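Q: Need coordinates for the following:
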Amino acid sequence: MILIVGASGFIGTKFYHYFKENKVSVRGTYFSKAGDLNKEDRIYLDLKNGNIEEIKGLKNLRRIIFCHGISDIEICRDKKDLSHAVNVINTITLLKYCKDLNITPIYLSTSMVFDGESELPKESDDLKPVSEYGKQKLEVERFIINNFDKYIILRLTKVFGVGKCDNTLFTAWLDKLMKKENIIAASDVFISPVYVMDVLSMTDFLIENNRSGVYNLGGNEILRISDFAKKLTIFFNYDLACIKEVSINDFGFQEKRPKFNSVDSTKIRRDSGARITAVDDCFKLIADNYKITIN
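A: Just a heads-up that it's a prediction; the model follows:
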C-alpha cells in the first residue's frame, strides 16, 4: 500500500488518482477538505499537533509520499512557528514512524533549497536556501538522508496542470485573459515549470525500479516569468498588451525570491529514459480541456 500525505492538495490529488487508475492500493490524508478522495480511502491528519494514530493502524504500508505542508512562502516567514511545526517537526515525527517500520519515504522537496543564483544547479551543488520555506524543506531532506538507507527526494520547480480552471500557472493566466484581465508578471525572475504528470510518471518509475536518492525535476525550458506569460498569450491569440511586466520587488513580498527557480534534471531524465513534456505541448492540452480551437 502507498499512503499519500496531503492527498487533497493539487499534486497529492493527482497522485491519488494516478495510483487508483493503475490499480495500486492507495490511501490519502487530508486536513481542511477531503476533496474527491473516496470515503474509504481518506484519513484525517492534522500535522499541527503531530498525532499520527490513524496512520499507525494501516496494514501493508510500504511507501509514503510526502506532498503536504504549508508551501506559501510568505506564510512560512510570517508564521514561522506554525509552518515549522507542520513542515518540519511533525513531518519528522511521521518519518520516524517510517523508519521504525522500514517504510520508504518519497519526499517532494523544492528547488528553493538552492540559493537561486545558478540557472541549473545539480543535485550535488551547495544548498543555501534564502527563504524560510527552503530552509524548512532542507531540514527535512537532511533528516531523511541521515536516517534512511532507501528514500526518494524530488526537488521540484513550479508544478503546473492543464485542467480547466485548476488555478495553476498557465490556466490561471488563461482564465485572466478570457476575463479580459491583465497578467502581471515579473521580468527579473526565471522559472522552469514542470508538468504535474511528469512528476507522477517519473516518481512512479523511481518507485517501480527501486531507485533511491535525490533527484532534481524541472521543466526543459527556462524563461523569465513574463516571457512565459507572453508565450501563452501568443499561443492563445491574445493581445500582448495584456501582459504587464514588473519587477518581483513590485509585488511587495517580504521574503526574498530566488532569481532562478530552475534545476538541472539530467539525472532523472537519464535514469528514467523519459522525456519532459514541452510547454507548447501542454498548451495544446490546455486548449483541448478548454475546448479552444487554435489556428
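Q: Would you work out how far apart the start and end of stretch 24-38 are?
A: Using C-alpha to C-alpha, to the nearest Å, the gap from the first to the last residue of stretch 24-38 comes to 14 Å.
Q: Going by neighbour count, which residues of that stretch are buried?
A: By neighbour count with 16 or more other C-beta atoms under 10 Å, stretch 24-38 contains the buried residues 26-31, 34, 37. Backbone N, C-alpha and C define where each C-beta goes, glycine included.
Q: So which of the residues you listed are in strands?
A: 26-30 (DSSP state E).
Q: Dump these to a markdown table, plus pLDDT and distance to Thr157.
A: Converted to a markdown table, those look like this (pLDDT from 0 to 100; distance: C-beta to C-beta, whole Å):
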| residue | pLDDT | distance to Thr157 |
| --- | --- | --- |
| Val26 | 94 | 25 |
| Arg27 | 94 | 28 |
| Gly28 | 94 | 24 |
| Thr29 | 94 | 25 |
| Tyr30 | 92 | 25 |
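Q: Tell me where the stretch 1-150 of the chain has helices.
A: Per DSSP state H, counting those that start in this stretch, the stretch 1-150 of the chain carries helices over the ranges 10-21, 53-56, 73-78, 80-84, 90-100, 132-147.
Q: for those, which one sits closest to Tyr44?
A: Closest approach to Tyr44 among the helices of the stretch 1-150 of the chain (C-beta to C-beta): helix 53-56, 6.6 Å.
Q: Packing partners of the closest one?
A: strand 42-44, helix 90-100 (3 or more C-beta pairs under 8 Å, 6 or more residues apart in numbering; DSSP states H and E).
Q: what about it, average pLDDT?
A: For helix 53-56, mean pLDDT is 84.
Q: what's in contact with it?
A: 3, 29, 43-45, 61, 94, 97 (C-beta atoms under 8 Å, 6 or more residues apart in numbering).
Q: Buried only: go through those residues for me.
A: Among the contacts of helix 53-56, the ones that count as buried by 16+ other C-beta under 10 Å are 3, 29, 43, 45, 61, 94.
Q: Not counting its neighbours along the chain, what's nearest the last one?
A: Leaving aside its sequence neighbours, Leu94 sits nearest to Ile52 (C-beta to C-beta, 6 or more residues apart in numbering; 5.5 Å).
Q: so what's the one you found up against?
A: 45, 93-94, 97.
Q: again, only using 10 Å
A: Neighbouring residues of Ile52 by C-beta atoms under 10 Å, 6 or more residues apart in numbering: 5, 29, 43, 45-46, 90, 93-94, 96-97.
Q: Of the buried ones among the contacts of helix 53-56, which pair is most distant in space?
A: Checking the buried ones among the contacts of helix 53-56 with C-beta to C-beta, the most distant pair is Leu45 and Leu61, at 13.7 Å.
Q: Give me the common contacts of those two.
A: Residues touching both Leu45 and Leu61 by C-beta under 10 Å, 6+ apart: 3, 55.
Q: What lies in contact with stretch 274-282?
A: 160-162, 169-171, 192-198, 201-202, 205, 217-221, 223, 228, 231-232, 235, 265, 268-269, 284-285.
Q: gap between the two ends of stretch 156-174?
A: In stretch 156-174, first residue to last residue: 23 Å (C-alpha to C-alpha).
Q: Tell me which helix or strand in this structure has the weakest average pLDDT.
A: helix 53-56 (a mean of 84; mean pLDDT, DSSP states H and E).
Q: so how far is stretch 261-268 from its chain's centroid?
A: Relative to its chain's centre, stretch 261-268 lies at 14 Å (C-alpha atoms, centre = their mean, to the nearest Å).
Q: Put the alpha carbons of that stretch into CSV.
A: Output of stretch 261-268 as CSV, limited to C-alpha atoms (Å, rounded to 0.1, in the frame of the first residue of the first chain):
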residue,chain,number,x,y,z
ASN,A,261,13.5,28.7,-9.9
SER,A,262,15.1,26.0,-12.0
VAL,A,263,17.2,22.9,-11.8
ASP,A,264,19.4,20.5,-13.8
SER,A,265,17.1,17.5,-14.5
THR,A,266,19.8,15.5,-16.3
LYS,A,267,20.0,12.7,-13.7
ILE,A,268,16.3,11.9,-13.6
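Q: Can you point out the buried residues in that stretch?
A: Of all the residues in stretch 261-268, those buried under the rule 16+ other C-beta under 10 Å are 261-265, 267-268.
Q: again with stretch 159-173
A: Buried residues in stretch 159-173 (16+ other C-beta under 10 Å): 159-163, 166, 168-171, 173.
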